[in-house]
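[1] Sequence and predicted structure are below.
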Amino acid sequence: MTKAFPSQAQYVVIGGGIVGCSTAYHLARDHKADVVVLERDRLTSGSTWHAAGLVGQLRSSAAITQLLRYSVELYSGLDAETGLATGWKASGGLRLARRPERMIEFKRQATTAHSFGLEMHLLSPDEIKRMWPPMETSDLAGGSFMPSDGQANPSDITQSLAKGARMHGAQIREQTVVTGFVVKDGRVTGVETDQGTILCDKVVCCCGMWSKEVAGLAGVSVPLQAVQHQYIVTEPIDGVTPDLATVRDPDCLTYFKEEVGGLVLGGYEQNPKAWLPGRIPDGFSFQLLDDDWDHFEQHMARALERVPALENAGVKSMTNGPESFTPDGTFMIGEAPEVAGFFVGAGFNAFGIAAGGGAGRALAEWVVHGEQPADLWSVDIRRFSGLHRDDDWVRERTLEAYGKHYAMGFPHEEYVSGRPRLTSPLYDRMAEAGASFGSKLGWERPNWFAAQGESPQDEPSFGRANWFDAVGREHEACRERVALFDQSSFAKFEISGSDAAQALDWICANDVSKPPGRLTYTQMLNSRGGIECDLTVARLDDDRFYLVTGTGFRTHDSAWIRQNANSGADVVLDDVTEQWGTLSLFGPKARDTLGAVTDDDISHKGFPFATWRDIAIAGHKVRALRVTYVGELGWELHMPIGAMADVYDALRAAGDPHGLAHAGYRAIESLRLEKGYRAWGADITPSDTPFEAGLGWAVKLKTNIDFLGRDATRETASRPLGKQLACFTVDDPEIMLNGRETIFRNGGIVGYITSAGWGYTVGRNIGYGYVRNEEGVDDAFLSSGDYELEVACERVPCTIHLEALYDPDMSRIKC
Ligand SMILES: Cc1cc2nc3c(=O)[nH]c(=O)nc-3n(C[C@H](O)[C@H](O)[C@H](O)COP(=O)(O)OP(=O)(O)OC[C@H]3O[C@@H](n4cnc5c(N)ncnc54)[C@H](O)[C@@H]3O)c2cc1C
């Protein structure tokens, strides 16, 4: 007998592809939740049924790698639980390098794998030949091999997950189309379908390429674009046996795996084709797009060179399937910033089978606890902004990201499409001064400045890139004279209302309830004590505050504040990012420069550190914040956007006699590394607590003000720390640290580098990373070890430092 259509459920998951079924499985299995899955047609009828089924694990984020690793663990044991086979085969994953730089990339990737606890080996062309005999290897520089990668049957895994979900109590309703949502006071409370309405606490939208349209019914933005992705399946080929590893050949833009003695062969072309600018046609289920042999020809030609026996193999079938891709090449999960209780798991960029298991588990935990379970920033839906509601922009950037799927992963690569988008009023002046721009959440920002005769074009490299000397000049100007940075892209919020102070008391770990005129650097913590936000709070008035945070964290931080400030209270959050511009003036000559353009008192006594004042410059009222992220005397000058040109011109003229230089974001990075300032998303994340990060001094545990994360933080502070952030330097200037290098203490792995770069003043490579030890880490433990870093598979000696390398107050360099 068919069960009656449910009128109520705790959680409703929409979409019966691998991601929806995995999320439902984990909600039911791990959380014993009352969950209903709604599928428009039949399970797997979207993108899942036609996936090729390769499962790779390594990503540049530890948490995402962990998530993919969990997928492998799940898939290898799922059939034993559900009785339904998944086709899982741990065939291993082989990557081929044709270009020498690719081999450098693989060496760095292998080190990243070691940092994250995965086995990965480098192989010579001969070893590859022995492992994969039908392959032509004479043009190869080498390759890498990850034994635990594998492949599976996408439909079978999904059916197995669905069965597991049912076994743990979930209901799955096929042939049920979601047509709308019930949203009350900004929170979703129900799902409307063609079978009736289900009232629920939370919704998880896992609708693949339909997610944009389905989430849009609730006012939620899901920036993705369906792109055509093709592969062929061949007849059996001599020498292709079931034990062969899956292969990725990035320099040839192709991938392949064995299937019934033949090959499944696909690729990521640099000229991809979007599918449909508009709505997906009704009834698009278990369907493919027309074969596009002309477009596929490029992959075929390169694959024939790699596996010559392909020449004689017939093609059994071609699959041209639409799949959702995103503007930065990775998926999105988490609670939508627009509607409380509305979660999304979508945009899987052709690795939804690999990610499905782990993403479903992470999403289930996030749904149940209302907080991300680990540092999932790189896949957090809150990394997008209003810009991503522009479909044309999303399409253009997504196609660029698709075309770069197999591009070399150089550090500091910038996208080129859809630019410029948001510019500061000083954009032309900065360009004239030689700016090489980067883009962040739509904003054009100077990364560095080319001198006369130099080209401002980036030429990325795994070694010293072409901007190395230019950034050094800016760094030096900031340390020795004065530098001017256009930081107008900072995300800026005003929080006001009679309950504003109380709300900030609750969500800020530091004490921000200081008198108007004071500034506070603070973190906002989750209930585990992990760092969710890292920002500056200026108290403007008793009931008004100004918050400044990183450009990329605009949606994330405002959503966190809205979510955690008491919803019934009188608290209003206004995003004023585009209304305020910021010029930062830093360096020993910053006071002389600023003093020449204002009559206000900017002496140390009259305008001490961690305060703000309104001062007059060039006839404009400027909100000057005495704060620094570079370790020098200086001010962030915030002003109405229309004042920027006048203030800039005045500062420039006043700074000239002091040797004022323009400087960009790459100089900020090297300056902050020397001074030991932490970067959110790298050194400090929701998985790290302030005491572990060396920021315990910024937590108000000594006050009796209650705050979110207080209990967990007190608990962390009361017992030995399991990990602690430390600074490392490498003396050899030829070795470049880029992040994710493995940290060895007394010969054993204890962590990895979270952020790194060259310190121009100290003349060394600098890296930060957590040192872990189950029995506890303290300064004595840190100082007593012998340390090495694994960089691109080579162990190099390094020195640990427990204090900032550079401290201008003491006018000395500690290194
Ligand atoms: C040619 C090709 C090859 C690929 N190869 C691989 C690979 O080798 N490895 C890998 O990891 N990934 C691969 N992928 C990617 C993989 O297929 C996807 O990432 C994955 O299937 C996405 O799963 P999903 O659950 O997010 O979406 P889908 O499988 O599309 O599921 C979404 C579901 O939502 C349902 N839905 C939509 N609207 C509604 C509504 N209004 N009401 C109710 N239900 C609705 C749909 O019917 C659909 O079943 C490949 C993709 C393609 C196109």
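    Alright, I've got the coordinates. Numbers count the residues shown, from 1 in each chain.
[2] all strands for the stretch 101-250 of the chain, in order.
    121-123, 142-146, 150-151, 171-173, 178-184, 187-193, 196-205, 225-234, 246-249 (DSSP state E, counting those that start in this stretch).
[3] oh sorry, the question was meant for the stretch 651-800 of the chain
    Counting by DSSP E, counting those that start in this stretch, the strands of the stretch 651-800 of the chain are 661-662, 721-730, 742-745, 748-759, 764-777, 787-791, 794-797, 799-801.
[4] Dump the strands of the stretch 101-250 of the chain to JSON lines, plus mean pLDDT, mean neighbour count and distance to residue 732.
    In this view, the C-beta of every residue, glycine as well, is placed from N, C-alpha and C. JSON lines is the format used below for those (pLDDT from 0 to 100; neighbours: other C-beta atoms under 10 Å; distance: least, C-beta to C-beta, whole Å):
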{"stretch": "strand 121-123", "mean pLDDT": "97", "mean neighbour count": "18", "distance to residue 732": "21"}
{"stretch": "strand 142-146", "mean pLDDT": "97", "mean neighbour count": "23", "distance to residue 732": "24"}
{"stretch": "strand 150-151", "mean pLDDT": "94", "mean neighbour count": "26", "distance to residue 732": "38"}
{"stretch": "strand 171-173", "mean pLDDT": "98", "mean neighbour count": "19", "distance to residue 732": "58"}
{"stretch": "strand 178-184", "mean pLDDT": "98", "mean neighbour count": "17", "distance to residue 732": "58"}
{"stretch": "strand 187-193", "mean pLDDT": "98", "mean neighbour count": "19", "distance to residue 732": "55"}
{"stretch": "strand 196-205", "mean pLDDT": "98", "mean neighbour count": "22", "distance to residue 732": "49"}
{"stretch": "strand 225-234", "mean pLDDT": "97", "mean neighbour count": "23", "distance to residue 732": "43"}
{"stretch": "strand 246-249", "mean pLDDT": "96", "mean neighbour count": "25", "distance to residue 732": "32"}
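[5] Take the ones you listed and write them to JSON lines, including distance to the ligand.
    Formatted as JSON lines, the strands of the stretch 101-250 of the chain follow (distance: least, C-beta to the nearest ligand atom, whole Å):
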{"stretch": "strand 121-123", "distance to the ligand": "22"}
{"stretch": "strand 142-146", "distance to the ligand": "15"}
{"stretch": "strand 150-151", "distance to the ligand": "8"}
{"stretch": "strand 171-173", "distance to the ligand": "9"}
{"stretch": "strand 178-184", "distance to the ligand": "4"}
{"stretch": "strand 187-193", "distance to the ligand": "7"}
{"stretch": "strand 196-205", "distance to the ligand": "9"}
{"stretch": "strand 225-234", "distance to the ligand": "4"}
{"stretch": "strand 246-249", "distance to the ligand": "8"}
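[6] Would you mind saying which of those lies nearest residue 349?
    With C-beta to C-beta as the measure, strand 225-234 is the member of the strands of the stretch 101-250 of the chain nearest residue 349 (9.0 Å).
[7] Give me the helices and strands touching that closest one, please.
    Using 3 or more C-beta pairs under 8 Å, 6 or more residues apart in numbering; DSSP states H and E, the elements in contact with strand 225-234 are strand 262-267, helix 293-306, strand 315-325, helix 391-403.
[8] what's the angle between it and strand 262-267?
    Using axes from the mean of the first three to the mean of the last three C-alpha atoms, to 10 degrees, the inter-axis angle of strand 225-234 relative to strand 262-267 is 150 degrees.
[9] before we move on, the earlier item: in TSV, list the strands of the stretch 651-800 of the chain along with distance to the ligand and mean pLDDT.
    Formatted as TSV, these follow (distance: least, C-beta to the nearest ligand atom, whole Å; pLDDT from 0 to 100):
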stretch	distance to the ligand	mean pLDDT
strand 661-662	44	98
strand 721-730	32	98
strand 742-745	27	98
strand 748-759	25	97
strand 764-777	30	97
strand 787-791	29	98
strand 794-797	32	97
strand 799-801	39	98
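[10] Include distance to residue 509 when you put the ones you listed into TSV, please.
    Listed next are the strands of the stretch 651-800 of the chain as TSV, based on distance: least, C-beta to C-beta, whole Å:
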stretch	distance to residue 509
strand 661-662	35
strand 721-730	16
strand 742-745	27
strand 748-759	20
strand 764-777	19
strand 787-791	30
strand 794-797	36
strand 799-801	25
